[in-house]
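Undergrad: Following is a predicted model, sequence given first.
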Amino acid sequence: MENKSLLIIVINYCRYEDTIRCLESLSRVKYKNFTVFVIDNASKNNSIEKLSSWIINNNEKGMEAGEIFNKSSKIKKFIFMEHKYKLIETTENFGFGGGVNIGIDYAICNNYDYILLLNNDTFVEENFLDPLIELAESSNDIGIVGGKAICVNNNNIINTGGKINWIRGYGNKLLAKNKLNVRCEVDFVSGCHMLIKKVVLKTIGNFSEHYFLYYEDVDYCLRARGAGWKVFYQPDSVIWHSESISIGKDSALRYFYLTRSRIIFNKAHNKLFPIFFIYLSALHVFKIIIWILSGKVNHVKAAILAELNFFKDVDKF
């Protein structure tokens with residue numbers, strides 16, 4: 001099984017401490033046939049210097065550079081391309097999907113068997129890769145596999161993958177308690193920990209860049225399922241995750257992107273979109289009253305701007 005090559009894609013934006021912790025955990029992984037592709041999304045701090053320093057001190061020598069795929073205007077600089085840990089600096093912040101697509105293009109160009117999307121605010125257990133690849137290899141129909149994510153702060157399971165509620169227009173990211181430790185087919189898995197076969201990448205292409213943050217992973221899973229692939233949850237693959245460190249778990253900015261992406265996702269996939277939008281608008285009225293009473297003016301603005309932003313660009317979705 002270890003003859004299967006894997007490109008691990010990690011996106012960094014201004015959080016080099018978390019990214020380095022993630023890389024340090026990857027350096028202890030027992031499965032060895034992988035390369036790590038760190039994509040710095042035009043961080044505004046000294047992330048490039050800090051990540052470069054870690055790579056200099058920890059890189060394994062002798063890795064081939066691989067073919068440099070058609071150099072996109074997104075890329076400012078290639079760094080350490082001949083090493084196991086590679087670093088790309090982008091010209092601007094292209095969001096999660098835009099960053100991931102740089103890695104996907106490289107993986108396809110260099111014929112990797114799999115890619116793994118891994119959030120930079122995670123750290124992994126040393127055997128986390130084997131169960132993912134074993135399950136993916138067990139059937140030609142399985143195109144995407146995700147694992148179990150446990151919260152660093154309280155040991156709660158926070159991501160497994162799950163089913164989509166089309167009235168509310170979002171995915172329940174936790175399975176029922178009796179399925180948390182059972183491998184099973186799901187509608188989607190989280191992009192924080194997501195293995196994708198090469199043939200899926202070649203069949204359905206890159207991630208949508210309409211979203212910028214959130215729902216790109218769910219969108220991709222639905223596109224894969226629509227093309228005939230199965231998406232599976234593998235509980236034996238475990239990572240530890242600190243949620244929403246980069247923009248704050250309860251921040252107005254997070255709510256803006258979650259809401260905007262939720263609307264875009266439902267416009268693309270939900271046959272019940274009018275019902276969903278009525279539900280969301282009613283929910284916003286209720287939330288806005290609560291936020292006004294509690295002084296969360298920025299959250300009020302975020303909810304309104306998310307809907308206005310969608311209508312401004314509705315023809316694109």
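TA: Cool, the structure landed. Residues are numbered from 1 along each chain as shown.
Undergrad: Identify all contacting residues around stretch 289-303.
TA: Stretch 289-303 has contacts (CB atoms under 8 Å, 6 or more residues apart in numbering) with 252, 253, 255, 256, 259, 284, 287, 288. To be clear about C-beta, it is placed using only N, CA and C from the backbone, and glycine gets the same treatment.
Undergrad: Could I have the buried ones of those as PyMOL selection syntax?
TA: PyMOL command restricting these to the buried ones, with burial defined by 16 or more other CB atoms under 10 Å:
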select buried, resi 252+255+256+259+284+288
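Undergrad: who's in contact with the closest residue to residue 192 other than its chain neighbours?
TA: In this structure, residue 192 finds its nearest non-sequential neighbour in residue 119, 4.0 Å apart by CB to CB, 6 or more residues apart in numbering. Applying CB under 8 Å, 6+ apart to residue 119 gives the contacts 10, 11, 22, 191, 192, 193, 241.
Undergrad: Need the residues you listed in CSV (columns: distance to residue 130, secondary structure and pLDDT).
TA: Below are these laid out as CSV (distance: CB to CB, whole Å; DSSP: H, G, I helix; E, B strand; the rest coil; pLDDT from 0 to 100):
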residue, distance to residue 130, secondary structure, pLDDT
10, 19, strand, 98
11, 24, strand, 97
22, 19, helix, 96
191, 21, coil, 93
192, 19, coil, 92
193, 14, strand, 93
241, 20, strand, 90
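Undergrad: Which secondary structure element is home to residue 145?
TA: Per DSSP states H and E: residue 145 is located in strand 142-151.
Undergrad: Tell me the strands beside the helix or strand following that strand, with direction?
TA: Remark: after strand 142-151, the chain's next helix or strand is strand 157-159, criterion DSSP H and E. Strand 157-159 has the following strand partners under DSSP bridges: strand 142-151 (antiparallel).
Undergrad: from the middle of its chain, how far away would the strand it pairs with be?
TA: 11 Å (CA atoms, centre = their mean, to the nearest Å).
Undergrad: same check, this time on stretch 175-195
TA: The chain centroid and the centroid of stretch 175-195 are separated by 15 Å under CA atoms, centre = their mean.
Undergrad: mind saving the C-alpha coords of that stretch as PDB?
TA: Output of stretch 175-195 as PDB, limited to C-alpha atoms (Å, rounded to 0.1, in the frame of the first residue of the first chain):
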ATOM      1  CA  LEU A 175     -22.900  11.500  12.500                       C
ATOM      2  CA  ALA A 176     -25.300   9.900  15.100                       C
ATOM      3  CA  LYS A 177     -23.500   8.700  18.200                       C
ATOM      4  CA  ASN A 178     -23.900   5.100  17.200                       C
ATOM      5  CA  LYS A 179     -22.000   5.800  13.900                       C
ATOM      6  CA  LEU A 180     -19.100   7.800  15.300                       C
ATOM      7  CA  ASN A 181     -16.800   4.800  15.300                       C
ATOM      8  CA  VAL A 182     -18.200   3.000  12.200                       C
ATOM      9  CA  ARG A 183     -16.900   3.500   8.700                       C
ATOM     10  CA  CYS A 184     -19.800   4.400   6.500                       C
ATOM     11  CA  GLU A 185     -20.800   6.200   3.300                       C
ATOM     12  CA  VAL A 186     -21.700   9.900   3.800                       C
ATOM     13  CA  ASP A 187     -22.800  12.900   1.800                       C
ATOM     14  CA  PHE A 188     -19.600  14.800   2.500                       C
ATOM     15  CA  VAL A 189     -16.500  14.900   4.700                       C
ATOM     16  CA  SER A 190     -14.600  17.900   6.000                       C
ATOM     17  CA  GLY A 191     -11.900  19.600   4.000                       C
ATOM     18  CA  CYS A 192      -9.800  19.800   7.200                       C
ATOM     19  CA  HIS A 193      -8.900  16.100   6.600                       C
ATOM     20  CA  MET A 194      -9.900  14.900   3.200                       C
ATOM     21  CA  LEU A 195      -8.200  12.300   0.900                       C
END
